[in-house]
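Visitor: My questions concern the predicted model and sequence given below.
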Amino acid sequence: MRIDALLLSLFRSLVYAFLLAPIVIVVLASLNAGNFLTFPPQGLSLRWFWTFLDNDVFIDAIVYSATLAAGATAVSLVVGTMAALYFVRHARQKAELVRLGVLLPLILPEILTAIALLFFFYEIGIGTEHQIALFTGHVLMTLPFVFLNVSTSLQGRDNAMELAARTLGASRYTAFRRITLPLIAPGVAAGGVFAFIISFDTFGISFILKGAGSAPLPIQLYDYLRFNFTPEAAAVSTVSIILTLVLVTLADLLFARNPDA
Amino acid sequence: MTEVSLRSLVKRYGKTEALKGISLHVRHGEFVSLLGPSGCGKSTTLKCIAGFEEVSGGQILFDERDISRKLPEDRDIGMVFQSYALFPHMTVAQNLAFGLEMRRVPKVEIAERIARAMDMVQLSAHAERYPKALSGGQQQRVALARALVIEPAILLLDEPLANLDAKLRDEMRGFIRDLQKRVGITTLYVTHDQGEAMTMSDRVVVMFDGQIAQAASPEEIYDHPTSERVARFVGNANILDLAVSPRGDGQLDLVLPGGHLLRVERPACGAGGGMRVMARPEQIALTEPAAGQIGGRVAKRYFSGRHVEYHVETDVGPVVVVAPTTHAVREGEAVGLRFDPQRLWPVPSAEAPAEGRE
């Protein structure tokens, strides 16, 4: 028994180490005082953070990525919630088809979705201009996460509450806004957080569909690392890790304690 | 004052016909139960009246207004659901206020009407609680109050007692019935529990296979079912194959195997076709073997506290008799059975296709 418990906790530690070590190393590397991206760091300093803050390219990229993520999340929240409502309440025998359709971007390799979109947008004459292709790609990538979270919170709730609201005089829309939406809010919020992070982080779609002009952060970082190997890249990563953590924690505080979650 | 009329209501789901032409008139203030096994169409009927399902044919009238194409929110109905369907993120008072807010009732009046409704269901102390903090029976009463506070034209109840335990269910039966009488609202009640339907209703509508088999008072349904199927569904029934010969004066002669002749009223429904005879278990008397109209032997005896149920093997097949516990007949004993001709009721046999319809 004791050996089993010991082995289990050892295994657990290894899993955590495997998951967290890269993050820890990136954060430590960003505190490097030296000129090159090395580990262990040669002395501790915040100088690369200051360099990064002075570097318009990265600041622009972060702002651009955040804007893109916010836009994609907003669209995904609306479309994904509607899709989830249809899937859970009305699709009946078509349900599996609907689910598969919405989840396809998650199931297919990202690069395939990206290439398919690229062909499509060139075929209809838009190409990568006006960031339409990029934005569409980000919506497609984030949609499954909203859809999954919202449909999970809808499932197991029969629609009697909405029907009750209807008999009490509420229109379909009012019933949704006053009854259904508050009840699935935790799922919608979780879906939104996921969507934002996925969009902020996604590489393949951005890499292939990015037009001329500013690029999302992951692309900018990749470009930078091809020619420079300084701890600034680690500093940028650390900042985006912290941003993500803040976002997740906030969402957790706001919604995880909701008694109806 | 609202009367409900269903006129040849038809509901199709693809190729299957869930309702095959339901016609029913519910008078003002009447409490009508729709009773039947699952899949008989009783819930579908209610959904059509509420507006949750579009009707495929026929009409639904509230008084003389055809509401069958209206949205649920425009029909002026109060509905209580099996799951109560209280809004979990609102307090009891907010649940009650919802319908009034939708009707743009002034705030002051809302408060008054909520207070009155809470009082009506004896829950005034719980206005600020959330539904989760209430017991099943209390939630049920909140659901009733929420449906009634908007003063709807009609009240629809969809198996509202199915989720309560047996003792509470009996209590709520009386509570709902009293409340309905006090408010005087036209009420349609869907249930698969014949005990509920019988004790609560002014009229019971028995449904099978998307059709009304019989619509009548509980007494009429119990004593004078128009078909073997209704007889078997409502209460326990012995259905006996006896030789039936019609007489000229509107009566029937039944001949028992021992040669006894029973003369019974001929029911209106059974013109032509085969007839069988229904005898309710508690309407058969258990006697000494010599004193009975037919003889038999007790095969099984079940004591239930309130009465004893005997399964008797006779010449006309197995017969169930319910007797007071003062009888002490043991399994295997020979007994006689006496029928009261007044209480025997001929029904068209199940093979005969004609089922009574209103």
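Guide: Everything's here; your move. Not measured: the values here are computed from a predicted model.

Visitor: tell me the SS of residue 141?
Guide: You didn't pick a chain, so chain A it is. Following DSSP: H, G, I helix; E, B strand; the rest coil, we place A:Met141 in the helix state.

Visitor: wrong one, I was asking about chain B
Guide: With three-state DSSP as the criterion, B:Arg141 reads helix.

Visitor: same question, B:Lys70
Guide: On the basis of three-state DSSP, B:Lys70 is classed as coil.

Visitor: count of residues packed around it?
Guide: Using other C-beta atoms under 10 Å in any protein chain shown, B:Lys70 has 14 other residues around it. (Each C-beta comes from the backbone N, C-alpha and C, glycine too.)

Visitor: Got phi/psi on it?
Guide: phi -80, psi 160 (degrees, to the nearest 10).

Visitor: hang on, isn't it packed against B:Gly51?
Guide: Yes - contact criterion C-beta atoms under 8 Å: B:Lys70 and B:Gly51 qualify, at 6.2 Å.

Visitor: Low-confidence ranges, the chain, go.
Guide: Because you didn't say which chain, this covers chain A. A:1, A:33, A:38-39, A:41, A:127-128, A:255-261 (pLDDT under 70).

Visitor: wait, chain B
Guide: Looking at chain B by pLDDT under 70, you get B:267-273, B:327, B:350-358.

Visitor: Write out the residues of it neighbouring chain A.
Guide: B:50-52, B:71-73, B:75, B:77-79, B:81-83, B:85-89, B:98-99, B:102-103, B:132, B:146-147, B:150, B:152, B:156 (C-beta under 8 Å from any C-beta of the partner chain).

Visitor: one more time with 7 Å, if that's ok
Guide: B:50, B:52, B:72-73, B:77-79, B:81, B:83, B:85, B:87-89, B:98-99, B:102-103, B:150 (C-beta under 7 Å from any C-beta of the partner chain).

Visitor: From B:Gly274, how far out is the residue positioned nearest the centre of chain A?
Guide: What sits nearest the mean C-alpha location of chain A, by C-alpha atoms, centre = their mean, is A:Ile198, with 2.1 Å. For A:Ile198, the distance to B:Gly274 equals 72 Å [C-beta to C-beta, to the nearest Å].

Visitor: Kindly check the end-to-end length of stretch B:197-213 for me.
Guide: Length of stretch B:197-213, first residue to last, C-alpha to C-alpha, to the nearest Å: 15 Å.

Visitor: residues of it that come out buried?
Guide: B:197-198, B:200-213 (16 or more other C-beta atoms under 10 Å in any protein chain shown).

Visitor: And for it, what's in contact with it?
Guide: B:17-20, B:22, B:24, B:30-36, B:40-42, B:173, B:176-177, B:189, B:191, B:214-218, B:221-222, B:227, B:229-230, B:233-234, B:355-358 (C-beta atoms under 7 Å, 6 or more residues apart in numbering or on different chains).

Visitor: So among the residues you listed, which ones count as buried?
Guide: B:17-20, B:22, B:24, B:30-36, B:40-42, B:173, B:176-177, B:189, B:191, B:214-216, B:218, B:221-222, B:227, B:229-230, B:233-234, B:355-356.

Visitor: Of those, which belong to strands?
Guide: B:17-20, B:22, B:24, B:31-35, B:189, B:191, B:214-216 (DSSP state E).

Visitor: Among those residues, which pair sits farthest apart?
Guide: Pairwise distances across these peak at 28.0 Å for B:Glu17 and B:Phe31 (criterion: C-beta to C-beta).

Visitor: And the contacts of stretch A:85-99?
Guide: Counting by C-beta under 7 Å, 6+ apart, A:83, A:151, A:154-155, A:159 sit against stretch A:85-99.

Visitor: Kindly reformat those as JSON lines and extend each row with distance to chain B.
Guide: Formatted as JSON lines, the contacts of stretch A:85-99 follow (distance: C-beta to the nearest C-beta, whole Å):
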{"residue": "A:Ala83", "distance to chain B": "23"}
{"residue": "A:Ser151", "distance to chain B": "19"}
{"residue": "A:Leu154", "distance to chain B": "14"}
{"residue": "A:Gln155", "distance to chain B": "15"}
{"residue": "A:Asn159", "distance to chain B": "9"}
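
Visitor: Select from these every entry located in helices.
Guide: Among the contacts of stretch A:85-99, the members falling in helices (DSSP state H) are A:83, A:151, A:154.

Visitor: got a winner among the residues you listed for most neighbours?
Guide: A:Ser151 (25 neighbours).

Visitor: Find the residue closest to that residue in space, skipping its chain neighbours.
Guide: Of all residues not flanking A:Ser151 in the chain, A:Ala84 sits nearest, at 3.9 Å (C-beta to C-beta, 6 or more residues apart in numbering or on different chains).

Visitor: Any figure for the gap between that neighbour and chain B?
Guide: 19 Å (C-beta to the nearest C-beta, to the nearest Å).
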